[in-house]
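Trainee: Mind folding the following:
(one chain, ligands or ions: 2)
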Amino acid sequence: LPKRYEGSEPSVWVEYIQLALDYKPLNLGQGFPDYPPPKYVTDALLEVAKGTKHHQYTRDFGHPRLVEALAKLYSKLIGRDIDSRREVMTTLGAYEALYATITGHVDQGDEVIIIEPFFDCYEPMVRYAGGVPRFIALKPKNTEAKFLSSGDFVLDKAELEGLFNTKTKAIILNTPNNPLGKVFTLEELTFIADLCKKHNVLCISDEVYEWMVYKPNEHIRIVTLPGMWERTITIGSAGKTFSVTGWKLGWAYGPANLMYNLLMVHQNSVYTGCTPIQEATARAFEKELERLGSDESYFVSISKELEPKRAFVAKFLQEAGFKPIIPEGGYFMMADWTPLESLVDLNAETDKYKDYRFTKWMTKNIGLQGIPPSVFYSEEHKSLGENFVRYCFIKEDKNLQAAADILNKWK
Ligand code: PMP
Ligand code: GLN
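Mentor: Numbering: from 1, shown residues only. Ligands and ions are numbered 1, 2, ... in the order given. All right, here's what the predicted structure looks like:
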C-alpha cells in the first residue's frame, strides 16, 4: 500500500458479511431492511427502467431532476433557498459524500474532531487526507439506571472545548448517531456550533438517519442554527431515507464555496452518478414533497414502523440478560452483553477485542449476528465499546421473533 494508506485492513463490514455468508446466522449485523422497500419507490425505478430516456450519462454534479427535488426539500426543512446547481451534489452513497467532503477540505496536518462512537470510515478518510483525528467519547452520565437511553451519553463540554485549537479544520457530527442512536439536543448542538464559530471550524454533519427519530426526540439540523449555514456540509443517503441501501445514492448540501471542493474531488474520481437510480429517487422525493409532514409521508411512517421493533428488541434482549441502551433515533441498538459472559467461550476466538470474540462466537455457535462496537472507537478508546454488541432492528417482525427465540433457547 502507498504510505498514506498504510495500516488499512479489511473493515468489519468486509469481515462480517463474509462471516454471515459462511455461517448463515440470523443477521442483525449490517444496517439494512430485510423486507421490501415502499412500493412507490421500486415502481419509480421500474418505470424509469422501462423507458428509454434515462440510461445515459447525466449531469456531473447531480441529475437535474434530483438536485432540484433535494434543493426544494431541504430549502423547506432548513428555511433558506438552496441553489440546486451549486449547493447540492449527489454522490455514490453517503460514503462518497463523506469522502469528497473530508478529502476536499482536510489538508496535511489539519485536525478533525470525531465524536465516539463514530461510523467507522470517518477515521481512515481523515487519515488518507493527511489529517489528524482527535477523538472525544460520549460517556454515560447515569450508569445505575435500569434502562439506559442513548440520551444518557453526553460529551464533556470542557473536554470538547479543549480539542479546538488553531489546527482544527473540522468536526464530524453524526445525528442520529450510528451505532448508539443518540439524537443530539438543541443545547448540545448549540454548544458545538458556538465552538465551530469561535474557532472558524467546518462542521460535517452526517444525517443519514434524519427520518428515524423516536418521540419525543426531534431531529435538529445543525445547519439551521444561527451562523452555521456558512460552515456546514450536511450529508444524506437515499439508501437510508427510502430503505433502498443497495441503490448507493447519497448527497451533500451546503454553501457554494464549500461545495466547490467536493465537486472537484467528485469530478475527478467519479464524475457522474447512476442516472436511472437518480431519476427514480427524484420521483420518490417529488411524491414525498407533496405529502411532507402528513401521516402518509414515508418520512413520518418509517419511525412509526420502527418504534415497536425497537421496543420488542429491547424487551427480548433484556429478558435474555443483556443490558440494552434504548436508541432515540436510527435503527441500531447497543446492548451490554457482559452479564452473559459466563455462557460464552471467549477463548474460542483469537481476536484482540472481547466484543469481536463475543460476536463471532455468537454467530458460529448460537446463530445470531451482531456488530462489535469497538470498531466505532479509536484505538485508545476501544475498551469503551468492548462490553457491547450492536444489533440492527429494521428487520421483519418474524425475524426479530426468531432472534428472540434463539436467545430463549440458548439460555
Ligand atoms: N453514515 C452513516 C452514519 C451510516 O450509517 C452509513 C451507512 N448507511 C453511511 C454514512 C453510508 O451510507 P451509504 O450506504 O449511503 O453510503
Ligand atoms: N451503515 C450501515 C451499518 O452501519 C451499513 C454499513 C456499511 O455499508 N458499511 O451497518
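Trainee: How about this structure: which residue is closest to ligand 2?
Mentor: The minimum distance from the chain to ligand 2, using Cβ to the nearest ligand atom, falls at Gly31 (3.1 Å). Yep, even glycine has a C-beta here, placed from its N, CA and C like the rest.
Trainee: what's the pLDDT at that residue?
Mentor: The score at Gly31 is 96. That number is its pLDDT.
Trainee: Over to the one 3 residues further on?
Mentor: pLDDT, the model's per-residue confidence, is 96 for Asp34.
Trainee: Isn't the residue of the chain closest to ligand 2 up against Phe332?
Mentor: Yes - Gly31 lies in contact with Phe332 (Cβ atoms under 8 Å); the separation is 6.3 Å.
Trainee: Please identify every residue contacting each of the two.
Mentor: Here Gly31 and Phe332 have 178, 392 as joint contacts, going by Cβ atoms under 8 Å, 6 or more residues apart in numbering.
Trainee: Of those two, which one has the most company?
Mentor: Phe332 (28 against 22; other Cβ atoms under 10 Å).
Trainee: so what's that one up against?
Mentor: Taking Cβ under 8 Å, 6+ apart as the test, what Phe332 contacts is 31, 178-181, 390-393.
Trainee: follow-up on the earlier one: spit out the contact partners of the residue of the chain closest to ligand 2.
Mentor: By Cβ under 8 Å, 6+ apart, Gly31 lies in contact with 178, 245, 331-332, 392, 394.
Trainee: ok, now with 10 Å
Mentor: Counting by Cβ atoms under 10 Å, 6 or more residues apart in numbering, Gly31 touches 13, 119, 178-179, 208-209, 239-240, 245, 330-332, 371, 390, 392-394.
Trainee: Could you look up the SS state of the residue most central in space within the chain?
Mentor: Most central in the chain under Cα atoms, centre = their mean is Asn178, positioned 4.8 Å from the mean C-alpha point. Put simply, Asn178 is coil when judged by DSSP: H, G, I helix; E, B strand; the rest coil.
Trainee: ok, it - contacts?
Mentor: By Cβ under 10 Å, 6+ apart, the neighbours of Asn178 are 31, 117-120, 206, 208-209, 240, 327, 329-332, 371, 376, 390, 392.
Trainee: Then the residue of the chain closest to ligand 2 would be within a helix, right?
Mentor: No - counting by three-state DSSP, Gly31 is not found in a helix; it is coil.
Trainee: Average pLDDT for stretch 219-235, rounded please.
Mentor: Computed over stretch 219-235, the average pLDDT equals 98.
Trainee: nope, stretch 397-408 is what I was after
Mentor: Mean predicted lDDT for stretch 397-408 stands at 98.
Trainee: same check, this time on stretch 318-329
Mentor: 97.
Trainee: Now that stretch: buried residues?
Mentor: 320-329 (16 or more other Cβ atoms under 10 Å).
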